[in-house]
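> Got a predicted model here, sequence first, then my questions.
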Amino acid sequence: MRVLHVMECTIGGTRRHLVDLALGQRAAGLEVDVVASTLRDPDFPPDLERLRDAGVRVHVLDMVRAPSPLLDLRHLAALKALLRERRPEVMHAHSSKAGVLGRQASLSTGIGRRIYTPHTFAFLFRALFGPAKRAVYRGLESHFAKHTDRFVAVAASEAETWATSGVVPAERVRVVPNGIDAAPFASAEPLERDELAPGLDPHAPLIAVVGLVYAAKGQDLLLRALTEPGLERAQVVFVGPGDSKPFQGQARELGVQERIRFVGARRDVPRVLRTVDALCLPSRWEGMPYVVLEAFAAGCPVVAHPVDGARDAVVPGETGWLAEAIGPAPLAAALRSMLAADRKEATAVTERARACQEEHFSVDSMVAGMTRVYEEVL
């Protein structure tokens with residue numbers, strides 16, 4: 001089977017998904033091409049080398065996130081030429097920009113069955129885009145939905161969200177949960193706390209937030225939660241790329257600046273998760289957050305907002321602590337519950353979480369599930 005993946009949004013979990021999926025498919029014997037942009041993450045080129053070394057054909061096409069008509073037309077022409085050259089049986093597009101360009105190229109050439117993994121829809125991002133932009137994005141998705149053979153949700157709860165959107169035909173949705181290789185997280189050595197978050201109290205609870213620093217990930221909601229009763233000693237280390245200045249200003253206004261650290265992107269996230277007392281996912285929305293699965297594998301307790309993906313994996317009292325709603329007060333309540341758990345209870349929760357990840361969220365199961373979707377449309 002010949003598969004061509006197209007992705008512009010090569011950052012965070014979408015990047016991880018693409019790389020793991022392409023490597024797994026190649027190992028399973030598929031002929032795999034990847035078309036990707038290198039503009040979003042300077043650390044992405046080494047991943048491309050890993051793909052090449054594994055026998056994946058890599059094509060760099062520096063698509064941009066924002067609409068850019070002239071540049072987008074050039075990239076559309078390049079994709080059509082590549083489809084004619086490689087003639088894949090499946091054209092698998094990921095995220096908004098590649099979703100438009102990849103599906104249009106396939107439609108124009110008549111080459112490849114069209115699979116689309118949105119990794120959350122942009123028209124649902126109320127905190128990032130105004131009504132006009134969201135209307136445009138919704139219109140584009142509605143148009144291309146008519147010409148998409150299968151939509152792949154990375155969590156069952158994400159598929160449920162789509163069902164209420166009125167955009168995605170339910171009969172063409174398939175769920176293939178994200179999966180990880182647990183070994184690097186289970187075997188990582190902890191860091192010294194002062195090495196990770198210098199100047200914080202080594203005896204007070206330390207919570208990690210791992211992900212891009214921007215509104216969708218909800219760092220501002222957690223900062224507000226730190227002002228709630230019962231969390232006076234809680235400390236947070238924010239790990240991930242992005243502009244932290246607005247959040248640091250917010251922390252000063254709230255009076256919690258001495259209890260937080262923004263440490264930027266790190267390549268030792270497994271060690272981070274083995275160091276802290278808990279992972280917090282304060283996101284406003286997700287598809288299936290990889291960091292929750294990574295924390296499960298690392299034996300790190302998880303506190304999360306009830307966003308898509310987290311609702312599938314984090315079962316309150318069983319595999320973690322789930323806030324009742326999205327917001328500072330519900331998040332604070334879940335954090336208080338986690339901090340109040342005794343060692344025996346916390347250990348039982350993390351053991352069940354690790355077993356959940358191994359059974360339901362592995363790379364092998366993700367690759368096999370996606371292959372079944374391809375076989376179905378072929």
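Now that the structure is in, tell me what you want to look at.
> Can you give me the neighbour number for L79?
Using other C-beta atoms under 10 Å, L79 is surrounded by 27 other residues. C-beta: built from backbone N, CA, C; applies to glycine.
> So it sits against L61, correct?
Yes. If you go by C-beta atoms under 8 Å, L79 and L61 touch, sitting 7.1 Å apart.
> Between these two, which contacts overlap?
V35 (C-beta atoms under 8 Å, 6 or more residues apart in numbering).
> Any idea how far apart the tips of stretch 209-219 sit?
8 Å (C-alpha to C-alpha, to the nearest Å).
> try stretch 353-368
So stretch 353-368: terminal residues 22 Å apart, C-alpha to C-alpha.
> Could you check that stretch and say which residues are buried?
Residues of stretch 353-368 classed as buried: A353, R354, C356, Q357, F361, S362, V363, S365, M366, V367 (neighbour count, 16 or more other C-beta atoms under 10 Å).
> want to throw those residues into TSV with distance to P184 and pLDDT?
Below are the buried residues of stretch 353-368 laid out as TSV (distance: C-beta to C-beta, whole Å; pLDDT from 0 to 100):
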residue	distance to P184	pLDDT
A353	17	98
R354	14	98
C356	18	97
Q357	13	97
F361	15	97
S362	13	96
V363	12	96
S365	18	96
M366	16	97
V367	18	97
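> which of the residues you listed lies closest to K133?
Proximity of these to K133 (C-beta to C-beta) peaks at M366, which lies at 31.3 Å.
> Which residues does the helix or strand where that closest one lies contact?
If you go by DSSP states H and E, M366 is part of helix 363-377. By C-beta under 8 Å, 6+ apart, the surrounding residues in contact with helix 363-377 are 1, 3, 20-21, 24-25, 27-28, 30, 89-90, 113, 115, 149-150, 152, 174-181.
> Repeat the analysis, applying 6 Å as the threshold.
D20, G24, Q25, V90, R113, D149, R150, R174, V176, G179, D181 (C-beta atoms under 6 Å, 6 or more residues apart in numbering).
> try stretch 140-153
Contacts to stretch 140-153, defined as C-beta under 6 Å, 6+ apart, come from residues 100, 103, 107, 113-117, 159, 167-168, 172-176, 373, 377.
> which sections of the stretch 1-150 of the chain are below the confidence cut-off?
Scanning the stretch 1-150 of the chain for pLDDT under 70 picks out the ranges 127-128.
> can you give me the strands for it?
Applying DSSP state E, counting those that start in this stretch to the stretch 1-150 of the chain gives strands spanning 2-7, 31-36, 57-60, 90-94, 113-117, 150-153.
> can you put the ones you listed in TSV and add mean neighbour count and distance to G13?
Listed next are these as TSV, based on neighbours: other C-beta atoms under 10 Å; distance: least, C-beta to C-beta, whole Å:
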stretch	mean neighbour count	distance to G13
strand 2-7	26	12
strand 31-36	24	15
strand 57-60	16	20
strand 90-94	28	11
strand 113-117	24	11
strand 150-153	24	14
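> export those to a markdown table and tack on distance to E324?
Shown next, in a markdown table, are the strands of the stretch 1-150 of the chain (distance: least, C-beta to C-beta, whole Å):
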| stretch | distance to E324 |
| --- | --- |
| strand 2-7 | 35 |
| strand 31-36 | 39 |
| strand 57-60 | 44 |
| strand 90-94 | 32 |
| strand 113-117 | 29 |
| strand 150-153 | 24 |
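> Identify whichever of the ones you listed lies nearest to F44.
Among the strands of the stretch 1-150 of the chain, strand 31-36 comes nearest to F44, with 7.5 Å by C-beta to C-beta.
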